[in-house]
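Trainee: structure for the following, please:
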Amino acid sequence: RMKASIKLHGTETGRTSGAKSLEVYYKIIETKTTQKIVPVEVGMTFQNIPKHGEDFGDMVIGKDLRTMFVPTPGYVLIEGDQSQAEARVVCVLAEDYDTLKLFDTTDIHKLTASWIYKKPIDQITPEERQAGKKARHAGNYNMGHREMAHQTQLPPEECKKILEGFHEVSSKIRGVFHIQIREQINKYRYLSSPHGRRRDFLGRVSEDMYKEAYATIPQATVSDHNKFTILTTMVTKYPAPVAYPLAESHDSLLFEVRQEVAKDFMGDFKQAIATPINFSKCSLSRAFDLVIPGEIHLGEVSWGELVHYK
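Mentor: Coordinates of the predicted model:
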């Protein structure tokens, strides 16, 4: 078993924040003349255990870490993700409904890369697709090319061209979403998400404040949908010991579920994720119900060996 603790104050946008377990174990440290009993921290936040590993120079390390977590006998692990959730929310806020429709018919990151590199989508390389994914995230929140270079390890000049290409074809990100967020901050100094989460912006208005504001509604929307809609639905319908919620990671949830109800659980899980999110009461009010599709994965062996469930 491994445990973590959850910080009740969370983060400024409502994302869950975890830490090591509050429990400790004790060990004896011996010296030549004395013995000391000292407490040792245990556990860690599950959010920080990488799914795909972390880049370390030319290597990827930690890709196998999740395989150490295995289900209890008689149970399986089931994980559900909101598919490309924040990017979909940004499209709604930018009123870019044409691009939003493309999320369900094509690989949006490949398509973004094809726009940036001005080449057919079937000619996009894995490296270019990754650049398209990074560009969408960076462009959505008006990240500068140097900051993008720091995060992606790509050359600054390449990042600059990528971002310029992204904003050229996704003009509503800045032209609608960013402009209206700035207007809200200048006029009211707070933002409210579709679920009613309010964040007040204190201090001097600056570009840094605007950047925090761009991320506030998308991050709050996805996290609150995860906790208050999906999690609440699933624990109500499948209480312990039928199912146990194990981890929550912003746009995903991990459960341990009895084997005999796993199929029904996965179907209900996918349906819960697809619960419409109404944007009419958002600071950037939109007469729109966003449906974010779910991706469900089953782990009969370990958390690191999940199989996609359709």
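Trainee: next one: the worst-scoring helix or strand of the chain on mean pLDDT to chain centre, how far?
Mentor: When the helices and strands of the chain are scored by mean pLDDT, DSSP states H and E, strand 54-56 comes last with a mean of 74. Computed by CA atoms, centre = their mean, to the nearest Å, the chain-centroid distance of strand 54-56 equals 19 Å.
Trainee: what residues does that strand touch?
Mentor: Strand 54-56 has contacts (CB atoms under 8 Å, 6 or more residues apart in numbering) with 60-62, 153. In this view, the C-beta of every residue, glycine as well, is placed from N, C-alpha and C.
Trainee: top helix in this protein by residue count?
Mentor: Longest helix in the chain, counting residues (DSSP state H): helix 207-224.
Trainee: give the next helix or strand downstream of it.
Mentor: Following helix 207-224 in sequence order, the next helix or strand is helix 232-237 (DSSP states H and E).
Trainee: so which elements touch that next one?
Mentor: Contact here means 3 or more CB pairs under 8 Å, 6 or more residues apart in numbering; DSSP states H and E; on that basis helix 232-237 packs against strand 243-248, helix 262-273.
Trainee: so which of these comes closest to residue 177?
Mentor: Comparing the helices and strands packed on helix 232-237 by their distance to residue 177 (CB to CB), the top pick is helix 262-273, with 23.8 Å.
Trainee: that closest one: what's the following helix or strand?
Mentor: strand 277-278.
Trainee: show residues contacting the helix or strand that that following strand is followed by.
Mentor: Remark: after strand 277-278, the chain's next helix or strand is strand 289-290, criterion DSSP H and E. Strand 289-290 is touched from outside by 88-89, 92, 276-279, with contacts defined as CB under 8 Å, 6+ apart.
Trainee: narrow those to those that are buried.
Mentor: Using 16 or more other CB atoms under 10 Å as the burial test, the contacts of strand 289-290 include 88-89, 92, 277, 279 as buried.
Trainee: quick one: which two of the residues you listed are the most distant?
Mentor: Pairwise distances across the buried ones among the contacts of strand 289-290 peak at 11.4 Å for 88 and 279 (criterion: CB to CB).
Trainee: show me what contacts residue 282?
Mentor: Neighbouring residues of residue 282 by CB under 8 Å, 6+ apart: 93, 192-194, 217, 221.
Trainee: recalculate using a threshold of 6 Å.
Mentor: Contact analysis of residue 282 by CB atoms under 6 Å, 6 or more residues apart in numbering lists residue 194.
Trainee: now do residue 306
Mentor: Residue 306 neighbours (CB under 6 Å, 6+ apart): 297, 299.
Trainee: per-residue pLDDT of it, please?
Mentor: If you check residue 306, the pLDDT there is 95.
Trainee: likewise for residue 28?
Mentor: At residue 28, pLDDT is 92.
Trainee: what strands line up against the one helix or strand residue 6 maps to, and which way round?
Mentor: Per DSSP H and E, residue 6 falls inside strand 4-7. Paired neighbours of strand 4-7 in the sheet (DSSP bridges): strand 17-20 (antiparallel).
Trainee: which positions in the partner strand come out as buried?
Mentor: Result for strand 17-20 [16+ other CB under 10 Å]: buried residues residue 18.
Trainee: on that earlier part again, make a markdown table from the buried ones among the contacts of strand 289-290 and add distance to residue 142 and pLDDT to it.
Mentor: Shown next, in a markdown table, are those (distance: CB to CB, whole Å; pLDDT from 0 to 100):
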| residue | distance to residue 142 | pLDDT |
| --- | --- | --- |
| 88 | 18 | 96 |
| 89 | 15 | 98 |
| 92 | 17 | 98 |
| 277 | 23 | 98 |
| 279 | 21 | 98 |
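Trainee: the residue of the chain most remote from its centre sits in which helix or strand?
Mentor: Computed with CA atoms, centre = their mean, the maximum C-alpha offset from the centroid of the chain is found at residue 33, amounting to 51.7 Å. Secondary structure assignment for residue 33, by DSSP H and E: no helix or strand.
Trainee: same check on residue 91?
Mentor: Using DSSP H and E, residue 91 sits within helix 85-93.
Trainee: can you show me the CA trace of that helix as CSV?
Mentor: Taking C-alpha atoms only, helix 85-93 is exported to CSV below (Å, rounded to 0.1, in the frame of the first residue of the first chain):
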residue,chain,number,x,y,z
ALA,A,85,-10.4,18.6,-22.0
GLU,A,86,-8.7,22.0,-21.4
ALA,A,87,-8.2,22.5,-25.1
ARG,A,88,-11.9,21.9,-25.7
VAL,A,89,-12.9,24.4,-23.0
VAL,A,90,-10.6,27.0,-24.6
CYS,A,91,-12.3,26.5,-27.9
VAL,A,92,-15.7,27.2,-26.2
LEU,A,93,-14.4,30.3,-24.5
